[in-house]
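Engineer: Turn this into a structure:
(chains A, B, C and D)
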There are 2 protein chains.
Amino acid sequence: MKYPQIYEQFNKWCHIPPEEWLAFENKAVEKRLNKGDFLLQAGDTSLEFGIVLKGIIRLYYADPSGKEHIKAFRREGELVGPYAEMLLRIPSRTFIQALESTVTLMINKDDFVPFYDRHPCWLKIGRIVAEKHFLAKEQREFEFLQLDVYGRYKKFCEDNKFLLGKIPQHQIASYLGVTPVALSRVLSRARKQ
Amino acid sequence: MKYPQIYEQFNKWCHIPPEEWLAFENKAVEKRLNKGDFLLQAGDTSLEFGIVLKGIIRLYYADPSGKEHIKAFRREGELVGPYAEMLLRIPSRTFIQALESTVTLMINKDDFVPFYDRHPCWLKIGRIVAEKHFLAKEQREFEFLQLDVYGRYKKFCEDNKFLLGKIPQHQIASYLGVTPVALSRVLSRARKQ
DNA sequence: TTTCGTCATTAACCTGGGTTAATGAGGGTC
DNA sequence: GACCCTCATTAACCCAGGTTAATGACGAAA
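Structural biologist: Numbers count the residues shown, from 1 in each chain, chains lettered A, B, ... in the order given. Next up is the predicted model:
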């Protein structure tokens, strides 16, 4: 077993027989990225997804005028990939980029699908992964509907302590849905009170 | 079989043996709601979810000051329930209310869980339901990040033709994340061009 | 009929955030 | 050292949207 700590994580969600996990490891390949490298760009028709073994990844949209909107950050142990687009079988709308030197463990979708028939644990993992993705988005919707910029900022800091100091502030602004100038203003207003 | 059209819908997602479906129907109960009635209110610790058989439902948050933020509308054939809260096993943050005379088919969570072990189709349905919920929220995130109010309004009208004329405009505004006054202004500006 | 409640519209005023641009603080590289 | 690049901050200006309040349309109920 090459990745026992990743195994333990999934195993907590749902028991995976070790031989199933070994079969998975067998199909997965490591990918190394330097800071700024892309795992995927919008327009790509990738059928790959994977797990961050080390480093930080950001996922973002770019609108027609070129403005970037960060959807999510991913760290060690978290899944990366154009999840929605893979479910919809459409080309990626998402850019996926390393924010520091990063290693991921990737598997091809076509290589993964047969696992669903091998053992029910993979179906259950599939469900749990979908549920977790849903919960994250529902939480984000809640914050967009109910919190102002400063509220969202505080929440972000609480929920992402591991990121603080590792990413520039303008990327947090992008994640919060405002410009870097606006976030800077909000923070300086807050400091004065 | 009492609900063949609902059966057909789920069956399209994943084959369900008829005897499995009958067992499900056996555990489900119809609930009738008048306009304005609540299926669930924030704070309730409901363990029920279900399907809209007829009518329209809205799901919304209310913030501490009493302002309402509509998360979603649901119509015939769609699932209703405090899905995120049930996954998290926390009391509901969501109000669920009938916007017209409505009938739903409800099942208790404790009655549903055993189905996962009865037959793998329920696991797969569980995964597909989670995936669809995720896709809806991801789409909404995309629209919040990339579209202005008028863009979101047009998209909303395209995607919810069945709702137009059935719900007041201020509820659309709430769904779009703006005040009724703001939406009215945006529409009158658009009309003049 | 009158009355009441719900709703959309419009105006007035204010504030928060977008935009642009200037400034200055690191950090890297040559 | 000088140079460059990235980034955060701040100011000035503008506009979109929040807030409050007045108005009028419409339908339901008495």
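Engineer: quick one: the helix or strand hosting A:Arg58 near chain B?
Structural biologist: Using DSSP states H and E, A:Arg58 maps to strand A:56-62. Yes: using C-beta under 8 Å from any C-beta of the partner chain, strand A:56-62 reaches chain B at A:Tyr61. From N, CA and C alone the C-beta is placed, and that goes for glycine too.
Engineer: which residue packs closest to A:Pro91, ignoring adjacent ones?
Structural biologist: Excluding its sequence neighbours, the residue lying closest to A:Pro91 (C-beta to C-beta, 6 or more residues apart in numbering or on different chains) is A:Thr45, at 4.8 Å.
Engineer: Counting neighbours, what do you get for the one you found?
Structural biologist: When neighbours are defined as other C-beta atoms under 10 Å in any protein chain shown, A:Thr45 has 12 of them.
Engineer: so for the strand holding A:Arg58, what's the average pLDDT?
Structural biologist: Average pLDDT, strand A:56-62: 95.
Engineer: how far does that strand sit from the chain's center?
Structural biologist: Strand A:56-62 sits 8 Å away from the centroid of its parent chain (C-alpha atoms, centre = their mean, to the nearest Å).
Engineer: Also stretch A:52-69?
Structural biologist: Stretch A:52-69 has its C-alpha centroid displaced from the chain centroid by 10 Å (C-alpha atoms, centre = their mean).
Engineer: Which element, helix or strand, includes the closest residue in space to A:Phe115 that isn't next to it in sequence?
Structural biologist: Nearest non-adjacent residue to A:Phe115, counting by C-beta to C-beta, 6+ apart: A:Trp122, 4.2 Å away. Element membership for A:Trp122, per DSSP H and E: helix A:120-146.
Engineer: which parts of that helix are buried?
Structural biologist: Buried residues in helix A:120-146, counting neighbours by 16 or more other C-beta atoms under 10 Å in any protein chain shown, are found at A:121-138, A:140-146.
Engineer: Name the surrounding residues that touch stretch A:32-45.
Structural biologist: A:31, A:46, A:48, A:55, A:57, A:61-62, A:80-82, A:91-104 (C-beta atoms under 8 Å, 6 or more residues apart in numbering or on different chains).
Engineer: same thing with stretch A:134-147?
Structural biologist: A:72, A:151-152, A:155, A:177, B:61, B:63, B:69, B:71, B:83-84, B:87-88, B:93, B:130, B:133-134, B:137-138, B:140-141, B:144, B:177.
Engineer: Who are the contact partners of the residue of chain A found nearest DNA strand D?
Structural biologist: Per C-beta to the nearest atom of the strand, A:Gln169 is where chain A lies closest to DNA strand D, at 2.7 Å. Contacts here follow C-beta under 8 Å, 6+ apart; on that basis A:Gln169 touches A:180, A:183-184.
Engineer: Kindly write the PyMOL command that selects the buried subset of the residues you listed.
Structural biologist: The following PyMOL line selects those of the contacts of A:Gln169 that are buried, judged by 16+ other C-beta under 10 Å:
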select buried, chain A and resi 183
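Engineer: Reformat the contacts of A:Gln169 as TSV; add pLDDT.
Structural biologist: Listed next are these as TSV, based on pLDDT from 0 to 100:
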residue	pLDDT
A:Pro180	97
A:Leu183	97
A:Ser184	96
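Engineer: thinking again about what came up before, from the contacts of stretch A:32-45, which land in strands?
Structural biologist: A:31, A:48, A:57, A:61-62, A:80, A:95-98, A:102-104 (DSSP state E).
Engineer: Now the buried members of the residues you listed.
Structural biologist: By 16+ other C-beta under 10 Å, those give A:31, A:48, A:57, A:61, A:80, A:95-98, A:102, A:104 as buried.
Engineer: Understood, closing this out.
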